[in-house]
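Colleague: The amino acid sequence is not available; the structure is as follows:
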């Protein structure tokens, strides 16, 4: 009797040719699917980034438009403030002119001849920063008194010289000048009130 012999096959078994092809095909398909999936993710991320960039660009344009609008509003406000300051500066002169007109209208017995010559002489006089608050003509147009306020004493002195020069043909002269700090003047301002006669 023979002892049973165990056979060991030391040769490796070779895989079926079709199986290897299917495995390779599955690997290529999986790779392509992965690349397509990743490509879609990258493309959707890029589209989202482009939408965000477009939105930011739109917001920047909106802000630029609003900024330009506000700058325009600020320049309009600055112009309005400048005009308001000019109006405020001219207001005392307008009040003094109205006071002169009222004085002429309310002249004694309606005799405006005595006022006309000194007033005509005074019409061409203007000193920046100085305004009259009262003008009195008495003694048949031979006596003149001026009262007012000015930003400084130098303006009053210049005005007094010009007044006397314009009144010289009428043989009128203002010989007296009184100046003092104006009541209610803001601190640091050199506003003075004056009286000439």
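Modeller: Happy to help now that I have it. As the structure is a prediction and not an experimental result, all values here were calculated from the model.

Colleague: what ranges do the helices span in the protein?
Modeller: Secondary structure of the chain by DSSP state H: the helices cover 17-105, 113-123, 153-167.

Colleague: quick one: which of those is nearest residue 173?
Modeller: Nearest of the helices of the chain to residue 173, taken as CB to CB: helix 153-167 at 5.7 Å. (Glycine included, C-beta is placed from N, CA and C.)

Colleague: For residue 62, see how far away the residue nearest the centre of the chain is.
Modeller: Nearest to the geometric centre of the chain sits residue 74, at 3.1 Å (CA atoms, centre = their mean). For residue 74, the distance to residue 62 equals 19 Å [CB to CB, to the nearest Å].

Colleague: and what of residue 196?
Modeller: 63 Å.

Colleague: what residue ranges in the protein score low on pLDDT?
Modeller: For the chain, the stretches with pLDDT under 70 are 1, 9-17, 101, 103-115, 184-189.

Colleague: Against residue 125, how distant is residue 159?
Modeller: Distance from residue 159 to residue 125, counting by CB to CB: 7 Å.

Colleague: more crowded one of the two?
Modeller: residue 159 (22 against 15; other CB atoms under 10 Å).

Colleague: didn't the more buried one look like it was pressed against residue 152?
Modeller: No: the criterion here is CB atoms under 8 Å, and residue 159 misses it with residue 152 at 11.2 Å.

Colleague: I'd like the distance between the residue nearest to the centre of the chain and residue 80.
Modeller: 11 Å.

Colleague: Ok, residue 93 next?
Modeller: 21 Å.

Colleague: the more surrounded of the two?
Modeller: Legend: neighbour count by other CB under 10 Å for residue 93 and residue 80, higher for residue 93 (15 against 10).

Colleague: Return the residues in contact with the more buried one.
Modeller: 131, 132 (CB atoms under 8 Å, 6 or more residues apart in numbering).

Colleague: hmm, back to that, more crowded one of residue 196 and residue 62?
Modeller: Between residue 196 and residue 62, counted using other CB under 10 Å, the more crowded position is residue 196 (21 against 10).

Colleague: give me the beta-bridge partners of that one?
Modeller: Here residue 196 sits in beta bridges with residue 146, residue 177, going by DSSP bridges.

Colleague: give me every residue that touches it.
Modeller: By CB under 8 Å, 6+ apart, residue 196 lies in contact with 145, 146, 147, 160, 163, 174, 176, 177, 178.
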